[in-house]
Structures are given as C-alpha cells and as structure tokens.
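Enquirer: any chance you could fold what I've pasted below:
(one chain, ligands or ions: 1)
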Amino acid sequence: MKSYSLIAPGKINLYLEIIGDRADGFHELVMILQTIELADTIDLKPNDTQEITLHCNHPQVPRDETNLAYRAAKLMCKSFADAYANFGGVDITIAKNLPVAAGLAGGSANAAAVLVGMDLMWNLGLTQPELQDLAAKIGSDVPFCISGGTAIATGRGEKLDLITNLDNLWVVLAKYKNISVSTPWAYQTYRKNYRNSYVSDVKGIISRSDRVRSGDLMNAIIKQEGNKIGELLYNDLEKVVLPEYPKVAELRDMFAEAGVLGTMMSGSGPTVFALCENEEQAKDVMSRVRNNIADAELELWITKLGSSGIQLRDGK
Ligand code: ATP
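Expert: Have a look, this model is predicted:
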C-alpha cells in the first residue's frame with residue numbers, strides 16, 4: 001500500500017456573524033470562509049499494525065487521542081472496519097507551518113487531510129460529500145477544509161456553498177506567540193453579552209443568512225473587487241476579543257494605518273490578517289509593522305488566498 005503526502009492549508013474568515021443558539025449547544029453562524037496558501041504538511045504511512053501513531057514537530061500540538069488528525073484516523077478505522085482489518089493502522093506525521101490556536105483552523109485542516117489521505121490509501125473511492133459528512137463529525141470547520149476555496153458556511157459552519165474563487169489577493173498574518181484565545185471562551189462571552197440580540201426562529205435564521213448571501217460582500221467577491229471586500233470584512237467575535245486583548249486591537253489599527261485593503265481578526269483570533277492587493281504591498285506592510293512593533297513575540301507571515309482545500313503534495 002502506498003504512502004501519501006498531503007498539503008493542508010489554513011483558512012481565514014472574511015465574514016463571521018453569530019445569529020443565535022442551537023439546540024446542540026453550538027451557535028448558529030453565517031460565515032464566509034477563505035483558504036490561504038499557508039499550509040501544514042501531513043504524511044501518512046500504512047504501518048501493518050492495528051495502531052495509529054502521531055508525530056508532530058510543534059510543542060503546542062497534542063500527540064494523543066485529542067489531536068484532531070488522530071481523531072480523523074480513528075473515525076476512518078471505525079467507519080471502514082473491513083479496510084482497517086485488512087490494511088491495518090497508519091503513521092501520521094504533521095509538519096506544522098500554521099500557527100496553533102490562532103483562528104486559522106490548523107487542527108481542522110490536519111483532520112481533513114487524514115480523511116482524504118486514508119480514503120486514497122485504502123482505495124475507498126469516497127465522494128467529496130461523503131468525506132464532508134465524516135468531516136462534520138470531527139468539527140465544524142473540517143468540511144470546509146476538505147474542499148477549500150471561498151465558501152459561505154451556515155449551521156454551525158458545516159453547511160457549505162462554494163462561491164467564485166477569490167485567489168488573486170495577498171494576506172499578511174500577524175500573531176503574538178504568547179497570546180492565545182480560547183474559542184469556547186470567545187463564544188461564551190459573546191453569548192453572555194449579546195444573547196438579547198439572538199434570533200431563535202427558523203424564519204429569522206434563514207433571513208439573516210439570505211441577507212449575507214445577497215449582500216454587498218458576496219457581490220464584491222463575485223466581482224473580485226478587492227477594495228470593497230476589504231471594507232466589508234466583518235467578525236462579531238472582535239466585539240469580545242479586542243477589548244480583552246488590546247495588543248490584538250493594536251495590530252488591527254496598525255494594519256489599517258498602513259493602508260491595506262482591509263483588516264480583521266480571523267475566527268476567534270488572536271491572528272489578525274490584512275488583505276493586500278499584491279505581494280509587493282504585503283511585503284511593505286509586513287516590514288512597516290515589524291519596524292513599529294519591537295516585540296520578539298510578534299510573528300508575521302505573508303501568504304496568498306488559495307483556491308483549493310486538501311491537495312496531494314507533488315501530485316503524488
Ligand atoms: P479554529 O479556527 O478551527 O477554531 P484554531 O486555528 O483556532 O482552530 P487550532 O490550531 O486548530 O486552532 O488549535 C486549537 C487547539 O486544538 C490547540 O490548542 C490544540 O491543543 C488542539 N489541537 C488538536 N489537534 C491539533 C492539530 N492537529 N493541530 C493543532 N492543534 C491541534
């Protein structure tokens with residue numbers, strides 16, 4: 001049986017609106033998700049035992065059963081017991097390039113890569129919708145990580161409709177190594193502060209997501225209008241995260257002053273991204289921020305918007 005090497009790109013949120021509570025304890029969301037080219041690499045090797053092993057070069061990433069990549073392999077073994085019995089377990093090696101706990105869906109992308117890779121390794125021939133159904137069992141962002149590109153996501157984030165790919169813009173990402181934001185904390189705090197504005201009836205939920213579907217940001221994406229997209233970026237979680245983490249707010253202000261197309265916190269943060277017209281602008285903005293903030297904890301990356309989710313490395 002063959003080994004596989006996969007590319008697992010991260011994502012940013014161009015839009016994140018919290019509509020209300022769901023019976024399952026999650027939030028009802030409407031988001032516009034966008035793949036970035038910055039990616040982890042996942043190597044999968046069949047091991048002829050019944051074990052799943054996991055290696056990762058990043059100290060913050062768990063190496064036990066809580067790792068989302070491990071959970072994805074376990075789900076494949078459970079869902080395809082015959083293939084597991086015939087072919088055995090898998091050695092998973094994660095090379096982390098995406099910052100961890102950063103709002104870029106790194107763990108979700110790793111899980112998506114394991115689902116896609118094990119489908120290939122075991123020659124199961126699963127369709128993308130079948131892979132995405134499995135993905136939704138692991139986490140809300142995992143189905144998007146499989147297909148990637150630009151998509152509107154509703155429900156808890158797992159219901160996807162692809163939009164025209166928006167891959168012509170560049171991005172600067174900024175994150176302090178010593179700041180991490182707990183996603184559950186961000187959503188719980190939002191609930192505490194904004195529950196009064198929650199919509200609970202089905203009609204209201206549908207009309208909120210329809211407003212986004214036919215709204216100005218979607219229009220700007222379809223027309224590939226970088227300036228407008230930059231102006232219309234939106235994230236409800238900024239309302240709770242920025243006041244609590246002034247250094248994250250400062251990054252956002254600094255990007256705005258640098259004259260980028262637009263800037264926003266991604267997901268529950270603390271990564272802040274700046275949309276740029278081209279690579280030259282991205283490099284200029286990155287060096288300006290680096291010069292203005294003399295803090296060794298600040299990490300910056302340049303990447304491009306991407307048009308696809310999990311891919312095979314070197315087409316192999
Ligand atoms: P999201 O945008 O989906 O909320 P995130 O980018 O904020 O995700 P991750 O990088 O996925 O966050 O990490 C969140 C937590 O998940 C980490 O603190 C880590 O303990 C755990 N985790 C589990 N599996 C992984 C993985 N494969 N890579 C990174 N973190 C993982």
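Enquirer: low-confidence ranges, the stretch 201-316 of the chain, go.
Expert: 315-316 (pLDDT under 70).
Enquirer: in it, what residue comes closest to the ligand?
Expert: G267 (4.1 Å; C-beta to the nearest ligand atom). C-beta: built from backbone N, CA, C; applies to glycine.
Enquirer: and the longest strand seen in the chain, how far from the chain's centre?
Expert: For the chain, the longest strand by residue count, based on DSSP state E, is strand 27-46. Chain-centre distance of strand 27-46: 5 Å, with C-alpha atoms, centre = their mean, to the nearest Å.
Enquirer: ok, then the element right after that strand?
Expert: Proceeding N to C from strand 27-46, the next assigned helix or strand is strand 52-56, under DSSP states H and E.
Enquirer: what lines up beside that next one in the sheet?
Expert: As defined by DSSP bridges, the strand partners of strand 52-56 come to strand 90-95 (parallel).
Enquirer: can you list the neighbours in contact with the partner strand?
Expert: 40-47, 52-58, 61, 69-70, 73, 110, 114, 118, 121 (C-beta atoms under 8 Å, 6 or more residues apart in numbering).
Enquirer: which of those count as buried?
Expert: By neighbour count, with 16 or more other C-beta atoms under 10 Å, the contacts of strand 90-95 hold 40-47, 52, 54, 56, 61, 69-70, 73, 110, 114, 118, 121 as buried.
Enquirer: and the ligand, which of these reach it?
Expert: With C-beta under 6 Å from any ligand atom as the criterion, the buried ones among the contacts of strand 90-95 include 61, 69, 110 near the ligand.
Enquirer: export the residues you listed to a markdown table and tack on secondary structure and pLDDT?
Expert: Formatted as a markdown table, those follow (DSSP: H, G, I helix; E, B strand; the rest coil; pLDDT from 0 to 100):
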| residue | secondary structure | pLDDT |
| --- | --- | --- |
| V61 | coil | 96 |
| A69 | helix | 98 |
| N110 | helix | 98 |
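Enquirer: closest to the ligand out of those?
Expert: Closest to the ligand, out of all of these and judged by C-beta to the nearest ligand atom, is N110, at 3.7 Å.
Enquirer: in space, what's closest to the closest one - neighbours in sequence excluded?
Expert: Leaving out its chain neighbours, the residue that sits closest to N110 by C-beta to C-beta, 6 or more residues apart in numbering is A69, at 4.1 Å.
Enquirer: surely that neighbour and L54 touch.
Expert: Yes - under the criterion of C-beta atoms under 8 Å, A69 makes contact with L54 at 6.5 Å.
Enquirer: ok, now how distant is S182 from the ligand?
Expert: Between S182 and the ligand the computed distance is 8 Å (C-beta to the nearest ligand atom, to the nearest Å).
Enquirer: residues near that residue, how many?
Expert: If you count neighbours by other C-beta atoms under 10 Å, S182 ends up with 11.
Enquirer: now N86
Expert: 10.
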